[in-house]
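[1] task: produce atomic coordinates for the following.
(one chain, ligands or ions: 2)
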Amino acid sequence: MKIQRNKVVIIGAGQVGSAVLSTLLSSGSLAEIVIIDKNEKKAYGEALDGSHSTAFAYSPNIKVKQGTYEDCEDASIIVVTAGPSAKPDEVVDRIALAQKNIEVVKEVMEQIITYTMDAIIIMVSNPVDILTYYAQNYFGYPVEKIFGTGTTLDTARFRRILGQKYLVDTKNVHGYILGEHGKTAFATWSSSNIAGVPIDDFDIIYDDVPLDKEAIVEEVKQVGYEILINKGYTNIGIAKSVDRIIQAILINELSVLPLSTTLTGEYGIEDVALSLPCIVTKDGIGRRLEVPLSVDETSKLRASADFLRETFKKTYKGPEPKKV
Ligand SMILES: NC(=O)C1=CN([C@@H]2O[C@H](COP(=O)(O)OP(=O)(O)OC[C@H]3O[C@@H](n4cnc5c(N)ncnc54)[C@H](O)[C@@H]3O)[C@@H](O)[C@H]2O)C=CC1
Ligand SMILES: CC(=O)C(=O)O
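    Ligands and ions are numbered 1, 2, ... in the order given. Model (predicted):
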């Protein structure tokens, strides 16, 4: 069946799936959104609730429904948000979800490949780099068509924190958090800038004390847990991140976003998925950009890669990858 360029299937109708649905409903560029969950009642309720937004101004008349995996057959994009999140009373690293969510992704990917090898799959579930690596390498799916949201959310948080510090629009703050969406993530301080002015020069302009860079990166890493402790889950920021990625795909925007994908020799790293700035095209991930990194940043990227590779090896006990 022919892909419908503007049909999105969301798998997982929990807090994240629900927020992604809500955000996409007001984005204006989709014709159909389908939501699937092993809890069918929940998916049905979310779809029904979401469908009522179409009555209001600025909400396009999108078809919204609870669906089945058969809906993947003509989907252009599939967003995977299935599987548990960390809970506030057991605030643990995302990595602790690996074993359980590898099982979830196995079930989800086996269903998806029954119906399509064409849709672009955006992995959101955590630990997103581990699950992206698994989905990209173990199911024979075209690798460029699967990627994880990676550090898109962390980068948004980083830019926001810096924008707040200097009282400038977040959109004028440029820089990335790269590597793992997790504890080993790092900032690309050496190339970060505000409106083209290197970050360190911005301190001089503001006649300010130099930035406590370590504290800022620590805040970026901890803020997800702070949200979790306070509201029980995180969903708004990630939903906006997914929406941003989907818009970039739909209009072949060639935007550069820090997405998680399996490296094939960039910076001498391979066989592990983590975030690098990637050009997003209508077909998925285009070029991975080997942006200049300082010696310290390169060693942090390698540490992130080693950690993720080891974690996957320790966690995954199934059969070998399916080669395409
Ligand atoms: N990558 C990122 O930056 C972020 C990732 N996340 C991750 O997103 C995932 C979802 O988080 P929440 O929505 O808060 O969790 P949630 O617990 O609210 O929802 C998970 C949903 O997945 C469904 N589900 C479980 N197994 C399934 C299966 N095999 N097939 C279909 N549906 C299944 C459940 O019924 C539930 O409705 C978590 O892994 C969380 O850590 C959350 C925020 C940011
Ligand atoms: C839950 C999660 O991964 C985040 O909000 O960063």
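[2] from ligand 1, how far off is the nearest residue in space to residue 268 that is not next to it in sequence?
    For residue 268, the nearest residue in space outside its immediate sequence neighbours is residue 302; the separation is 7.7 Å by CB to CB, 6 or more residues apart in numbering. Bear in mind the C-beta positions are built from the backbone N, C-alpha and C, glycine included. For residue 302, the distance to ligand 1 under the criterion CB to the nearest ligand atom, to the nearest Å works out to 22 Å.
[3] and what of residue 200?
    The spacing between residue 200 and ligand 1, counted by CB to the nearest ligand atom, is 29 Å.
[4] kindly report the same for residue 31.
    Distance check for residue 31 against ligand 1: by CB to the nearest ligand atom, it reads 23 Å.
[5] how about residue 53?
    For residue 53, the distance to ligand 1 equals 19 Å [CB to the nearest ligand atom].
[6] A helix includes that residue, no?
    Yes - with the criterion set as DSSP: H, G, I helix; E, B strand; the rest coil, the secondary structure at residue 53 is a helix.
[7] so which bits of the stretch 201-324 of the chain are right by ligand 2?
    Where the stretch 201-324 of the chain comes near ligand 2, counting by CB under 6 Å from any ligand atom, the residues are 224, 234.
[8] need the three-state assignment for whatever residue of the stretch 201-324 of the chain ends up closest to ligand 1.
    The minimum distance from the stretch 201-324 of the chain to ligand 1, using CB to the nearest ligand atom, falls at residue 238 (3.7 Å). Per three-state DSSP, the local secondary structure of residue 238 is helix.
[9] quick one: contacts for it?
    16, 19-20, 124, 149, 153 (CB atoms under 8 Å, 6 or more residues apart in numbering).
[10] can you rerun that using 10 Å?
    15-16, 19-20, 23, 81, 124, 126, 128, 149, 152-153, 156, 224 (CB atoms under 10 Å, 6 or more residues apart in numbering).
[11] which of those residues sit farthest apart?
    Across these, the longest distance by CB to CB is 18.8 Å; it joins 23 and 126.
[12] which one of the two is surrounded by more residues?
    A count of neighbours by other CB atoms under 10 Å puts residue 126 above the other of residue 23 and residue 126, at 27 against 19.
[13] so that one is in contact with residue 95, correct?
    Yes - using CB atoms under 10 Å as the test, residue 126 is close enough to residue 95 to be in contact (8.3 Å).
[14] list residues touching both of these two?
    Going by CB under 10 Å, 6+ apart, residues that sit against residue 126 and also against residue 95 are 86, 182.
[15] show me what from the stretch 51-200 of the chain comes close to ligand 2.
    Residues of the stretch 51-200 of the chain that fall close to ligand 2, judged by CB under 6 Å from any ligand atom: 85, 94, 126, 153.
[16] which of these sits closest to residue 65?
    Among those, residue 85 lies closest to residue 65 (CB to CB), at 24.7 Å.
[17] could you check the pLDDT of the residue nearest to the closest one when sequence neighbours are not counted?
    Excluding the flanking residues, the one nearest residue 85 by CB to CB, 6+ apart is residue 233, at 5.7 Å. Each residue has a pLDDT score; the one for residue 233 is 95.
[18] for residue 233, helix, strand, or coil?
    Once three-state DSSP is applied, residue 233 turns out coil.
[19] that one and residue 81 touch, don't they?
    No - applying CB under 10 Å, one finds residue 233 not in contact with residue 81, separated by 11.2 Å.
[20] what touches both of those two?
    With CB under 10 Å, 6+ apart as the test, residue 233 and residue 81 both reach 14-16, 19.
[21] can you narrow these to ones near ligand 1?
    Restricting the shared contacts of residue 233 and residue 81 to those near ligand 1 - CB under 6 Å from any ligand atom - leaves 14-16.
[22] that older thread, turn the residues of the stretch 51-200 of the chain next to ligand 2 into CSV, columns for distance to residue 169.
    Formatted as CSV, the entries for these read as follows, by distance: CB to CB, whole Å:
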residue, distance to residue 169
85, 31
94, 30
126, 30
153, 19
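[23] so which of these sit within helices?
    Under the assignment DSSP state H, these contribute residue 153 to helices.
[24] of the residues of the stretch 51-200 of the chain next to ligand 2, which is the most crowded?
    Looking at these with neighbours defined as other CB under 10 Å, the largest count falls to residue 126 at 27 neighbours.
[25] what's near enough to touch the residue lying closest to that residue once chain neighbours are set aside?
    Take residue 126 and drop its neighbours on the chain: the residue closest to it by CB to CB, 6+ apart is residue 94, 4.1 Å away. When contacts are counted by CB under 10 Å, 6+ apart, residue 94 is found next to 85-86, 101, 125-130, 180-183, 224-225.
[26] swap in residue 124?
    For residue 124, the contacting residues are 10-12, 16-17, 20, 79-83, 131-132, 148-149, 152-153, 181, 238-239, 241-242, 245, taking CB under 10 Å, 6+ apart as the criterion.
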